[in-house]
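Student: With the sequence up front, the predicted model follows.
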Amino acid sequence: MARYAFMKSLSLSVSVGGLLLAAMGPAQAASGDRIGESVVITNVVMADFAEKQRKLAKGDEVRQDESIEVNTDAQGEFRLDDETKLALGPGARLVLDKFVYDSDKKAGSIVVNMMKGAFRFITGAAAKTTYVINTPNASITVRGTIFDVYILPDRSVWVLLHEGALEATGKRNVCHVLERPGQLIRISDDGTVEKPVNWPQLPDNATVAFDTAFPFVTNAPAIDPNPILTRAMIVDGAFPPSEEKACLNPHPRFGVKKASTPRKAAPPAKKTKAAQKPVKPKRTASRPKNDDDDWGNGARGMDIVIGGGGIRIPNRGNYGGGGYGGGNRPSGGLRGR
């Protein structure tokens, strides 16, 4: 009888424990935990975790917080545990920053930091709002997307859409939607996100060869063997202009600084016994005759934030509501996926 009561109590404890674990939601992978594996490794691709380097081979696991760097004559392709796929071109480097995924609920948080080079990114089974792709000067959030990223030596970024839609938010907290496959967004080195354009209209597109910036267009990776767009379609750039739409899920990579908390004024000094002579106020400079109303009252029409040892004028302006659907594939004999 006592044994039966013990087993019943143990069963109840296990059941309650399971319910509690389920209620807690998806667990985040700890630093160094496996979150995926390599699919294709060509030449030398290195992984670096906790200052310990290892040379990757096909089938090797990749880990949370691990940095992956590709030699200039190499290429690497990876699959994460939620079926997200990544291809890294020659000289590319990224950090697998965060991986939280619940396979039952298709929920979590997946963050990848692209540092330099050329990439292809294909979303997996997780909800699309799960993904955040950081570049040196902007963040990209996705909607069922395949896209390429190229980070130039000056840290500006080109983003080429193949399928779906994405939003890019720069340092200046300006967000643009890219939803027409074949078009690109340029993010300048100061974090300015520009409007979608075709390849011929992309600023500075002559500074880097197309095949260097987007190697997976001309040589399809194993993770995406049936491309939607051809090189000729993108380079010719005959896609109609995109309608400007408001972002639904802007994700600023860099927040706007807040004003520092002013220090409390020091208490007034105690008066000494000796009488002090009153000091006559100095005469202030007269107001210029042709000046405007800003004289002596601070500039109008802008906010000035003082903090961190300097004066900064933050950018202003917000995007209103609105929405957009999934990306439309261009016409002209494109294959479905």
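Tutor: Received it, and whenever you're ready, just let me know what you need.
Student: drop to CA atoms for contacts and neighbour counts, all remaining ones
Tutor: Noted.
Student: Which phi and psi values does residue 211 adopt?
Tutor: Backbone geometry at residue 211, expressed as degrees, to the nearest 10, gives phi -70, psi -20.
Student: show me the contacts for it.
Tutor: By C-alpha atoms under 8 Å, 6 or more residues apart in numbering, the contact list for residue 211 reads 217-218.
Student: how near is it to residue 115?
Tutor: Separation of residue 211 from residue 115 (C-alpha to C-alpha, to the nearest Å) stands at 19 Å.
Student: One more: residue 34?
Tutor: For residue 34, the distance to residue 115 - C-alpha to C-alpha - is 21 Å.
Student: looking at it, residue 65 is touching residue 29, isn't it?
Tutor: No. Taking C-alpha atoms under 8 Å as the definition, residue 65 is not a contact partner of residue 29, at 9.6 Å.
Student: So which of the two has more stuff around it?
Tutor: Per other C-alpha atoms under 10 Å, whichever of residue 65 and residue 29 has more neighbours is residue 65, with 24 against 16.
Student: Could you point out which residue ranges in the stretch 1-150 of the chain have low pLDDT?
Tutor: 1-28, 105 (pLDDT under 70).
Student: Can you read off the pLDDT for residue 218?
Tutor: In this model, residue 218 is scored at 94, pLDDT.
Student: Tell me how many other residues crowd it.
Tutor: Quick note: residue 218 (other C-alpha under 10 Å) scores 15 neighbours.
Student: go on, residue 162?
Tutor: 28.
Student: isn't it right up against residue 178?
Tutor: No. Residue 162 is not in contact with residue 178 according to C-alpha under 8 Å; the separation is 10.3 Å.
Student: who touches both of those two?
Tutor: Counting by C-alpha under 8 Å, 6+ apart, nothing touches both residue 162 and residue 178.
Student: Need the overlap of contacts for residue 65 and residue 29.
Tutor: residue 98.
Student: Next one: residue 205 from residue 152, what distance?
Tutor: Taken as C-alpha to C-alpha, the span from residue 205 to residue 152 is 11 Å.
Student: So for those two, which sits in the more crowded spot?
Tutor: Neighbours per residue (other C-alpha under 10 Å) separate residue 205 from residue 152, with residue 152 holding more: 17 against 14.
Student: tell me the phi and psi of the more buried one?
Tutor: Backbone phi and psi, for residue 152 under degrees, to the nearest 10, turn out to be phi -80, psi 160.
Student: pretty sure it contacts residue 114?
Tutor: No. Taking C-alpha under 8 Å as the definition, residue 152 is not a contact partner of residue 114, at 11.7 Å.
Student: that's a strand at residue 233, yeah?
Tutor: No. Counting by DSSP: H, G, I helix; E, B strand; the rest coil, residue 233 falls outside a strand, being helix.
Student: quick one: it and residue 181 touch, right?
Tutor: No. Using C-alpha under 8 Å, residue 233 is not in contact with residue 181, being 10.3 Å away.
Student: residue ranges of the helices in the chain, please?
Tutor: Ranges of helices within the chain are 2-23, 210-213, 215-218, 231-236, based on DSSP state H.
Student: Not counting the last one itself, show me its contacts.
Tutor: Read that as helix 231-236. 182-183, 198-200, 217-218.
Student: Could you provide those in a markdown table, with additional columns for distance to residue 132?
Tutor: A markdown table is the format used below for the contacts of helix 231-236 (distance: C-alpha to C-alpha, whole Å):
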| residue | distance to residue 132 |
| --- | --- |
| 182 | 21 |
| 183 | 20 |
| 198 | 24 |
| 199 | 25 |
| 200 | 28 |
| 217 | 23 |
| 218 | 26 |
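Student: so which of those is the most crowded?
Tutor: residue 182 (28 neighbours).
Student: contacting residues around that residue?
Tutor: 160-162, 198, 229, 233-234, 237, 239, 330.
Student: what are the pairing partners of the longest strand seen in the chain, and which direction each?
Tutor: Counting residues, the longest strand found in the chain (DSSP state E) is strand 107-122. Sheet pairing of strand 107-122 (DSSP bridges) gives strand 85-88 (antiparallel), strand 93-102 (antiparallel), strand 131-135 (parallel), strand 138-151 (antiparallel).
Student: among these, which is the most enclosed?
Tutor: Highest mean neighbour count among the strands paired with strand 107-122 (mean count of other C-alpha atoms under 10 Å): strand 85-88, with a mean of 25.
Student: Give me the distance between the nearest residue to residue 166 once chain neighbours are set aside and residue 205.
Tutor: Once flanking residues are discounted, residue 166 sits nearest to residue 142: 4.3 Å by C-alpha to C-alpha, 6 or more residues apart in numbering. Distance, residue 142 to residue 205, using C-alpha to C-alpha: 24 Å.
Student: picking up where we left off before, just the C-alphas of the longest strand of the chain, formatted as PDB.
Tutor: Output of strand 107-122 as PDB, limited to C-alpha atoms (Å, rounded to 0.1, in the frame of the first residue of the first chain):
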ATOM      1  CA  ALA A 107       8.000  29.800 -32.000                       C
ATOM      2  CA  GLY A 108      11.200  31.300 -30.600                       C
ATOM      3  CA  SER A 109      13.900  33.800 -31.400                       C
ATOM      4  CA  ILE A 110      16.700  33.300 -33.900                       C
ATOM      5  CA  VAL A 111      19.300  36.000 -34.200                       C
ATOM      6  CA  VAL A 112      22.200  35.900 -36.700                       C
ATOM      7  CA  ASN A 113      24.900  38.600 -36.900                       C
ATOM      8  CA  MET A 114      26.400  39.000 -40.400                       C
ATOM      9  CA  MET A 115      29.800  40.700 -40.100                       C
ATOM     10  CA  LYS A 116      31.300  40.700 -43.600                       C
ATOM     11  CA  GLY A 117      31.000  39.100 -47.000                       C
ATOM     12  CA  ALA A 118      28.300  37.500 -49.000                       C
ATOM     13  CA  PHE A 119      25.400  35.400 -47.700                       C
ATOM     14  CA  ARG A 120      22.200  33.600 -48.700                       C
ATOM     15  CA  PHE A 121      19.500  33.300 -46.000                       C
ATOM     16  CA  ILE A 122      16.400  31.000 -46.200                       C
END
